[in-house]
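# Sequence plus predicted model, see below.
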Amino acid sequence: MITGSQYGRHKDAELPQELIFAIQRILELNAENQTDPLDVLSNDFNPIDMLNQLFPDEASLSQLETVQARLSQNERDLQCEIDALREELRRDQDPNRMQMIQEMISDLLGQMSRIREKATESEAVVRDITKDIQALDIAKKNLVLSMTTLKRLQMLVNALTQLEDQVKEKRYSEVAQTLAAVKQISTSFKPYTSVHRIQQVWKRVQQIQGEVRTQLETEFDAFYIQDHARPSKPAQITDACAVADVLGPDVRRHLIDRYVALELKEYRRIFRATDEAGHLDNISRRYAWFRRVLGTHEVELGRIFPSEWRVGWALLTKFVAITTDDLSALLSKAGSTLTIKALLEALQQTIEFETSMAKKWSTPLDEILEANSPPSSAPVQLMSSAFEPHLGVFVDAQDKALADMLAPHRASTSKGKPRTSLDATPRTSVSTDTDAPPPQTVLSSSTELFYFYGQSLEQCAKLSTGQALFDLCMLQKKWLRIYAEDVLPPRSKRLIIQTRRSMDSRFDAAQLQQAGLLINTADYCQTTALELEEKIQEKIRDSFKEKVTFQTERDLFMSAISASITTLLRELEAACEGAFTTMSRMSWEKLDQVSGQSPYVDDLVQTVESFCETLKPLIEQKKYLRNFFDKACSLVLTKFTNAAVKSRPLKEIGGEQLLIDLGVVKSRLMRLPGEALVTQGYTRSLTKSTMRLEALLKVIVTPVDPPDGFILNYTLLIGDASFSNFQKILDLKGTAKIEQNSLLDSFLTITSTKTDLESTSFLSALDMDPSMALGATLGSPGSSRTTLPLSTAGGPNTDSIFGSLGGPPPSGPPTGSSTDGSTSRGLEPAQKREVFDIRRFVTFGLRRSETLPAS
């Protein structure tokens, strides 16, 4: 094989890319179609690859002479081709030939110049020949134009004469046709107004139009006034309308405005603000009067006007403009004396009138007003818009009604016992009697609140979809906050630590029922608040849509749910306190053998299971139950750890007994949620947490003799080199102080050589003096907050409060079911440092998606 050392001195010899392209273009080489690598011009050519291709092995060297002969032949062929190209290039570069080519070019340029000169001469001859013809063409064109103009002028003069006679005789049907023809013909004379005669005719056209307009105004005034001595013929007025259309839209608008002003003249006199008829409580008389006027117009004079004039629209627009000004003045004058009853009655009658007018012409009223408003001014506003600045009276009335509605349910600020809506629910234990009525699903006050919201929203949307509806939205947000802060928050139950006998009630069933009722109510409120937000956004004007949001209020309801779950956890802690107190008082060092699970374990697991089974039917949403089970599991394991530390020394036998007890507790906690509520995250978190506690107990079970084996087992199970953590293990085992010193020295010696050990572990958070006081694990109520996910609007089976306004539901609509598999992500309560840091060891309260699988 050939190596690269044989051509190393040529590796830097590269051809410029431009040269390669030039050679390929001249020789007409196509690199893509070349099969022989030697025929391709490229800097990528590698002779080693070529040689290896020709001689792939040692046996192929026998073909060396054949290959050499072929290459020599190729070289000779190339040389012949190069010689031929050189000869052709020499002939092309012959000076005699180049001189001949230049002479041919000069002759060609001379011929072109002579042709150009002959073309110029020919053009001049043709122009001279056709000069007289062009003059005749121009003369003919001017003559035709003059004759046409004179003929049109004659037609215009004749039409003017006819128009004058028709105007004098009031033949308006003929006037409309003749006037249209005069206006059409006269437009062609506008460029010739500098001619004296044409200017006179132009002025006469303008004068006749002015005379016709004046005569029309006189005719229409006589028709409007209906002088019986000189009655106007309806057909003549109809023809006059056609003349007005020819004169232009400004004439037509002037005649309509004149008619509207005469028709509504009496309206201004009758309904003056100073008279009784003009007062706000007589607003129905205004609308009745206009309906009569409109009916008379349609039966009598309205038939005379063409339908495209839409005189009825003009009457309505002017009436709306006058009435809007009067209403604004009346409402401003009323001020604080304006009652909600008078305001709503007047507004309702106004809206009904506007609706009837829009229905009459099958056109939205605002389009009618815009079409008939003066072009130079803003469109006339709806009459109902005059009420909007004063609808605060309606919003204030809703505020007072809500205050009266929730007054019995709000917490009192007096010194007496505060009363909440929860007090309305009987505080009895959950009964197993199948004949007993089902417990209340949600608080009736919440369904009444949202039913009232639905009614007030529909009523306000009929009155106004602008500022008043937005003010009502703000009012509803205010009372949702009040309901969430004053009605729903549970009262923290002061739990008293006491010795519980086995026959005593383990927990207050009424407390569970109240907490479940509050959770369901808060979930119903935050779900329905989202529906309310969407409903308002559908009805309110576009300028207010982005400002409508109930997110803050929904967060308050979620906080109420968090507080209720914390209350349930405190109740569970109180129920289990007896079992954990018994556990903390166990004398593990006196045990000489392991004999099954301890007696307190049965008491503990039965209490937890009974508590959870009682709670399950009380909470509708599964996601809240899952959140509670996560935190309850965390609470039980934390209390179990605290009690074990408190009961030290444990000794080896005690550690074995605790391992058995922990296994029983773990298996029962694993089945605690049930098949419908258990999730992979719950199982994974429980397994990981109990494995750490099992590792701690396995180290305690290990004998200290031999010391090296004990320390090695510690490093394998705990995995750190912390001096303080190792001493905690010795304290839990109850190792004597003298023996501890020796073990600590050995621990330092052994761990100094193990660089892979961590400096800390889960034992770093172990508190060797945990508090067993009730509530210490959960912290204070004020520092506890369970963060739960916000649910969206109800599912397919959820009844919307706005679906029907026929009456409030008797026991609150169902809040729907949660999506299977949903989990809650919450923050643990702030707490005193316990046996294990709740954030680092017991992770059930904090459902982390990134939780590592148990190892």
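The structure has been received and is ready for your questions. Numbering: from 1, shown residues only.
# Every contact and neighbour count from this point should use C-alpha atoms.
Fine.
# And for residue 342, the neighbour number?
The local packing of residue 342 (other C-alpha atoms under 10 Å) involves 12 other residues.
# Contacts only, for it.
280-281 (C-alpha atoms under 8 Å, 6 or more residues apart in numbering).
# Just give the closest residue to residue 259, not the sequence neighbours.
Among residues not flanking residue 259 along the chain, residue 224 sits closest, at 6.8 Å (C-alpha to C-alpha, 6 or more residues apart in numbering).
# The one you found contacts residue 257, correct?
No: counting by C-alpha atoms under 8 Å, no contact exists between residue 224 and residue 257, whose distance comes to 11.9 Å.
# Pull out the buried positions in stretch 76-92.
Judged by neighbour count using 16 or more other C-alpha atoms under 10 Å, stretch 76-92 contains no buried positions.
# And stretch 173-193, by the same measure?
Within stretch 173-193, the residues scored as buried using 16+ other C-alpha under 10 Å are 173-176, 178-183, 185-186, 189.
# who's in contact with that stretch?
For stretch 173-193, the surrounding residues in contact (C-alpha under 8 Å, 6+ apart) are 152, 156, 159-160, 162-163, 166-167, 198-199, 202, 205, 236, 239-240, 242-243, 246.
# mind checking how far it is from the chain centre?
62 Å (C-alpha atoms, centre = their mean, to the nearest Å).
# re the thing from before, does the residue nearest to residue 259 lie in a helix or a strand, and which?
Using DSSP states H and E, the element containing residue 224 is helix 196-225.
# tell me the SS of residue 342?
Taken by DSSP: H, G, I helix; E, B strand; the rest coil, the conformation at residue 342 corresponds to helix.
# Just the pLDDT for it.
In the predicted model, residue 342 carries a pLDDT score of 83.
# State the distance from it to residue 352.
For residue 342, the distance to residue 352 (C-alpha to C-alpha, to the nearest Å) stands at 15 Å.
# What residues sit buried inside the helix or strand harbouring residue 537?
Taking DSSP H and E as the definition, residue 537 sits inside helix 509-539. Along helix 509-539, the positions that meet the burial threshold by neighbour count (16+ other C-alpha under 10 Å) are 509, 511-534, 536-537, 539.
# next structured bit after that helix?
Once helix 509-539 ends, the next helix or strand along the chain (criterion: DSSP H and E) is helix 542-545.
# now that following helix, how far from the centre of its chain.
With C-alpha atoms, centre = their mean as the basis, the distance from the averaged C-alpha position of helix 542-545 to the chain average is 14 Å.
# can you list contacts of it?
For helix 542-545, the surrounding residues in contact (C-alpha under 8 Å, 6+ apart) are 466, 470, 537.
# Closest one to residue 327 out of those residues, please.
Using C-alpha to C-alpha, residue 466 is the member of those that sits closest to residue 327, with 18.3 Å.
# and that closest one, how many neighbours does it have?
Look at residue 466: counted by other C-alpha under 10 Å, it has 18 neighbours.
# if we can go back for a sec, the helix holding residue 224: how far from the chain's middle?
Mean C-alpha position of helix 196-225 versus that of the full chain (C-alpha atoms, centre = their mean) differs by 63 Å.
# Just after that helix, pick out the following helix or strand.
Moving toward the C-terminus from helix 196-225, the next helix or strand (DSSP H and E) is helix 234-247.
# and that next one with helix 196-225, angle?
On the basis of axes from the mean of the first three to the mean of the last three C-alpha atoms, to 10 degrees, helix 234-247 is oriented at 140 degrees to helix 196-225.
# relative to helix 196-225, how tilted is whichever helix or strand comes after helix 234-247?
Elements were assigned by DSSP H and E; along the chain past helix 234-247, the next helix or strand is helix 249-263. Taking the same axes, to 10 degrees, one finds helix 249-263 and helix 196-225 inclined to each other by 20 degrees.
# Report the buried residues of helix 249-263.
Across helix 249-263, burial judged by 16+ other C-alpha under 10 Å covers 251-253, 255-257, 259-261, 263.
# So which of those is the closest to residue 611?
Lowest distance from residue 611 to those (C-alpha to C-alpha) belongs to residue 260, with 80.9 Å.
# Leaving out chain neighbours, which residue sits closest to that closest one?
Once flanking residues are discounted, residue 260 sits nearest to residue 315: 5.6 Å by C-alpha to C-alpha, 6+ apart.
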